[in-house]
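In: What follows is a predicted protein model with its sequence.
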Amino acid sequence: MTKKFEFDWRIPVPEPLLAGCTFDRWTEEKDNVIWEQNALFKVDEYGFFIYWKSEGREGDVIELCQVSDIRAGGVPSDRKLLYNLQAKHGNDLDEKSLTICSGTDYININYQHVMCPDAKTAKVWLDGLRKITHNVKANNFCPMTCLKKHWMRLCFLVDPQGKVPVKVVARTFASGKTEKLVYQCLSELSLPSGKSDVIEKEDFTFDKFYALYHKICPRNDIEELFREIAQGKDFISVEQFVNFLNEKQRDPRLNEILYPLYDDKRAIEIIQTYEQDEKAKEERKLTKDGLIRYLMSDENAPVFLDRLDIYMEMDLPLCAYYINSSHNTYLTGRQFGGRSSVEMYRQVLLAGCRCVELDCWDGKGEDEEPIITHGMAMCTDISFKDVIYAIRDTAFVTSDYPVILSFENHCCKTQQHKLAKYCDEIFGDLLLKEPLDDYPLDQGVALPPPSALKRKILIKNKRLKPEVEKQELELFKQGQFVIEDEEKEDAGCTDRPIPPDIPETPAADAGTGDDIPPPVQYTGSTTNVHPWLSSMVNYAQPVKFQSFDYAEEKNIHHNMSSFSEPVGLNYLKTQAIDFVNYNKRQMSRIYPSGTRANSSNYMPQVFWNAGCQMVSLNFQTSDLPMQLNQGKFEYNGNCGYLLKPDFMRRTDRTFDPFAESPVDGVIAAQCSVRVIAGQFLSDKKVGTYVEVDMYGLPTDTIRREFRTRMVPANGLNPVYNEEPFLFRKVVLPDLAVLRFGVYDENNKLLGQRILPLDGLQAGFRHISLRTEANFPMSLPMLFCNIELKIYVPDGFEDFMAALSDPRGFRETQQKQNEQMSSMGIEVDKGDKMEKKEEKKEG
């Protein structure tokens, strides 16, 4: 029997947060200062919301899935507000206050400040809120839970008298339909239905909301499926349900021992769980409502939900993993004239990124403090020291696995001393200053695994030759190290200065025309390295790339190289297999072309196909490449590390990412997707359509080929009922992802979702959509039928059918023979002889 389904996405909410506490809160946005006194703050039992209400004011909420950080302290910059708070709470405001950071992208962050009664309460709420944020599983719960969450939100958004405004409910379902429909449905449910009416909270139950949902958005798509299964009856029998579960909701490729077939006992358990009609329950029947509730449950998630935990092996060398990586992390916008922000480091690390970039330059002025900026690109500056504090505070909030700091070091030795000093003092034990005993920095020694580097920060920076570093470091410790002329090239470096990129071919999506600014010239880091900073570099030592043969001959696993997008593409085109083999041994980092002044991104899949570990992207740009990146790294616990496929790691295997034939030892797959319908896709009366794309190896990638028809003037519940989109042969399922994109009639993206093919579940599934920046949307979803099979070459279908189900295949063949005989068609003698043999055996 199949195992009983369990998906425990809830993190227990601490009791003080459930009970609530009265705080003052304030926000400051430019000239707009809001101060709300004596607001009762609470967190609901599911951990969906922080919500609050004060006397005479409307209730409000913050979605916890949008909260990126909870910070201790924070005082207002507005002098009048500061004076008022000090008068009420005393001068120790920083000890009593919290800052709640939230947003739906990495740039536009909202800061909600609260003042607690005392420092002890502030600490309780700080720890409690941190415990329940960054719950990756809560971004993947089922449509039924989404409905419950939406209902709870409406219950919290009450008017000053604590009642639910009808207009707020109507706005929830605004999708181009006239408001009269919502009011009519409310009236049919015996609820207040006037535009200015309000609903008593105790009358606005979830059952009422669920009934309202079905009246406004009837599920005709599921009703059609119900009729098909029930064969015209008003219920589905246990036998019919078992057949449906095994034939439609189960991946036929699954091992029947590890993943047993559904049986009557399991089917009855499901009926008992989701059926609401007591009579039907007793008679072990499933009604249409029971089927809808089952299909909208966690049990029918589009991917195996255990993939949201850390399920991959984390004990292999660092080079065996894809590492979530950021390019020019400090920028919030363009590469030219852009704004730099310390906050970007916090947001990117909190999102699961494990490699951030720091472009370090000499600071001017009396203090000569090093800065981070995009050199010679007219971008604003930020303090290096402030960035190090931000990294320390956020590096290991969402993941314990190592963080790599990619230094682009342009500082003189005097300021490099400060770089090293701040890293040493601020990071403390978090900084990996010495190689691990089991993984010495010797030729041929593999890199340590992520599991051995938990809660460690690694610095990637040029390093001196060992003998030079040892000598200079000794002098430095004795106070005898003399900083020489900065212009004089230090001959004791591990490699020569890296010249700027040769003129690059414009990126494919950078556009054309005279308005394109000149490419950014990436100037190489200084090789005149301070010995203290040099001594902090261990498992990420950048060297100038000579050739793949040279790297193989050297066999130094802790050496790594960076490649610009066009240079990397050139190596892919000319030496793809060598590139893959290089990445089996050591790490590579890819960064965007200098022509991408608008901070657009290249397609990361191209370099993942070659096994490149640090495929760094502009996190500030929520384009398709970034969606693929965030969609991919959401799995394996959003820890920032994904294990590469086996054959991309093994030295005894050769892999060509451009091969079109199945990879030796890997079973190719076939996938078909039928987009049936959508729900709540837009709050406007617009036409909508859906595109389904696949990204993987070049031979597996299919873009802009599969698109539904446009359903006009219906963003509420369009029915597409398309013929299945068939991805006939997927050579490498482990690397492939599906992307669902929903667009309006003006080709504007309404929602999207990235799903890994190797974790996809077959059957009728609801696919909840995400924003451009991969944040969950509340109600928008697609209803699809997904079929997964082993790829079978042309002409071998009957052979595979006979292997997988010999008896069924024989019965089908006999029936076909009988039908042909009745039509006067002579049946093959072999078949007749087979029948005679069967009679003899009988």
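Out: Yes, it's here. Everything numeric in this text was worked out from a predicted model, so none of it was measured. Residues are numbered from 1 along each chain as shown.
In: Name the strands paired with the longest strand belonging to the chain and say parallel or antiparallel.
Out: Taking DSSP state E as the criterion, the chain has its longest strand at strand 776-790. According to DSSP bridges, strand 776-790 has the following sheet partners: strand 669-679 (antiparallel), strand 763-770 (antiparallel).
In: Redo these as JSON lines? Include mean pLDDT.
Out: Formatted as JSON lines, the strands paired with strand 776-790 follow (pLDDT from 0 to 100):
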{"stretch": "strand 669-679", "mean pLDDT": "97"}
{"stretch": "strand 763-770", "mean pLDDT": "98"}
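In: on that earlier part again, could I get the buried residue list for the longest strand of the chain?
Out: 776-789 (16 or more other C-beta atoms under 10 Å). (C-beta placed from N, C-alpha, C; glycine too.)
In: what pLDDT, on average, does that strand get?
Out: Per-residue pLDDT values across strand 776-790 average out to 95.
In: Would you check which pair of the buried residues of strand 776-790 lies furthest apart?
Out: In the buried residues of strand 776-790, two members sit farther apart than any others by C-beta to C-beta. They are Ser778 and Lys789, at 34.0 Å.
In: what ranges of the stretch 501-650 of the chain fall below the confidence cut-off?
Out: 501-527 (pLDDT under 70).
In: 90 instead?
Out: Applying pLDDT under 90 to the stretch 501-650 of the chain flags the ranges 501-528.
In: can you give me the strands in it?
Out: Counting by DSSP state E, counting those that start in this stretch, the segments of the stretch 501-650 of the chain that form strands are 541-542, 559-564, 588-591, 614-615, 641-643.
In: Can you tell me what sits against the third one?
Out: Under the contact criterion C-beta atoms under 8 Å, 6 or more residues apart in numbering, strand 588-591 has outside partners 325, 327, 355, 357, 406, 522, 560-565, 568, 579, 582, 602, 607, 612-616.
In: Pull up the pairing partners for it, direction included.
Out: Counting by DSSP bridges, strand 588-591 is paired with strand 559-564 (parallel), strand 614-615 (parallel).
In: and Tyr111, that one's in a helix?
Out: No. Tyr111: not assigned to a helix; according to DSSP: H, G, I helix; E, B strand; the rest coil it is strand.
In: Please give me every residue in contact with it.
Out: Tyr111 neighbours (C-beta under 8 Å, 6+ apart): 27-28, 74, 99-101.
In: Tell me the most packed of the residues you listed, by neighbour count.
Out: The most crowded member of the contacts of Tyr111, judged by other C-beta atoms under 10 Å, is Ile100 (23 neighbours).
In: Make sure that residue is actually in contact with Trp125.
Out: No. Using C-beta atoms under 8 Å, Ile100 makes no contact with Trp125, being 9.7 Å away.
In: Tell me the residues that contact both of those two, please.
Out: Val114.
In: sorry, back to before: mind checking the strands paired with strand 776-790 for the one nearest to Gln231?
Out: Distance to Gln231, taken as C-beta to C-beta, is lowest for strand 763-770 among the strands paired with strand 776-790, at 17.1 Å.
In: Can you dump the C-alpha atoms of that closest one in CSV for me?
Out: C-alpha atoms of strand 763-770 as CSV (Å, rounded to 0.1, in the frame of the first residue of the first chain):
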residue,chain,number,x,y,z
GLY,A,763,-1.3,13.6,-13.0
PHE,A,764,-3.8,16.4,-12.6
ARG,A,765,-2.0,19.1,-10.7
HIS,A,766,-2.6,22.7,-9.6
ILE,A,767,0.5,24.9,-10.2
SER,A,768,0.6,28.0,-8.0
LEU,A,769,2.2,30.9,-9.8
ARG,A,770,5.0,33.3,-8.7
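In: Please report phi then psi for Arg354.
Out: phi -120, psi 0 (degrees, to the nearest 10).
In: that older thread, is it possible to get TSV of the strands paired with strand 776-790 that adds distance to Asp646 and mean neighbour count?
Out: Shown next, in TSV, are the strands paired with strand 776-790 (distance: least, C-beta to C-beta, whole Å; neighbours: other C-beta atoms under 10 Å):
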stretch	distance to Asp646	mean neighbour count
strand 669-679	16	22
strand 763-770	28	22
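In: right, and those strands - which one's nearest Asp78?
Out: Of all the strands paired with strand 776-790, strand 763-770 comes closest under C-beta to C-beta, at 36.0 Å.
In: Make TSV from the strands paired with strand 776-790 and add distance to Met376 to it.
Out: Compiled in TSV, the strands paired with strand 776-790 are given as follows (distance: least, C-beta to C-beta, whole Å):
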stretch	distance to Met376
strand 669-679	48
strand 763-770	37
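In: which one of these lies closest to Ile268?
Out: In terms of C-beta to C-beta, the element of the strands paired with strand 776-790 nearest to Ile268 is strand 763-770, at 19.2 Å.
In: what does the closest one rub up against?
Out: Outside strand 763-770, the residues touching it (C-beta under 8 Å, 6+ apart) are 140, 142-143, 146, 225, 248-250, 295-296, 300-302, 627, 631, 676, 681, 740, 742, 750-755, 776-777, 780-786.
In: Surely His410 touches Gly363?
Out: No. His410 is beyond contact range of Gly363, at 11.4 Å (criterion: C-beta under 8 Å).
In: any idea how far Trp532 is from Ala540?
Out: As judged by C-beta to C-beta, to the nearest Å, Trp532 and Ala540 stand 17 Å apart.
In: Which of these two has more residues huddled nearby?
Out: Shown here are Trp532 and Ala540; by other C-beta under 10 Å, Ala540 has more neighbours (26 against 22).
In: and that one, what are its phi and psi?
Out: Phi and psi for Ala540, reported as degrees, to the nearest 10, are phi -130, psi 70.
In: mind checking how far stretch 299-309 is from the chain centre?
Out: Centroid separation for stretch 299-309 versus its chain: 14 Å, with C-alpha atoms, centre = their mean, to the nearest Å.
In: wait, what's in contact with Ala736?
Out: Contacts for Ala736 (C-beta under 8 Å, 6+ apart) come out as 694-697, 700, 730, 756-758.
In: how does the protein divide into domains?
Out: 15-191, 220-300, 318-505+520-648, 669-790, 798-841 (automatic domain parsing).
In: Output the ones you listed as JSON lines; include the columns distance to Ala659.
Out: Listed next are these as JSON lines, based on distance: least, C-beta to C-beta, whole Å:
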{"stretch": "domain 15-191", "distance to Ala659": "33"}
{"stretch": "domain 220-300", "distance to Ala659": "22"}
{"stretch": "domain 318-505+520-648", "distance to Ala659": "9"}
{"stretch": "domain 669-790", "distance to Ala659": "7"}
{"stretch": "domain 798-841", "distance to Ala659": "23"}
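In: Of all those domains, which one is nearest Ala211?
Out: Ala211 lies closest to domain 15-191 among these, at 5.8 Å (C-beta to C-beta).
In: Run through the strands of the stretch 1-150 of the chain in chain order.
Out: Taking DSSP E, counting those that start in this stretch to define them, one finds strands in the stretch 1-150 of the chain at 21-29, 32-43, 49-53, 60-63, 67-72, 97-102, 110-115.
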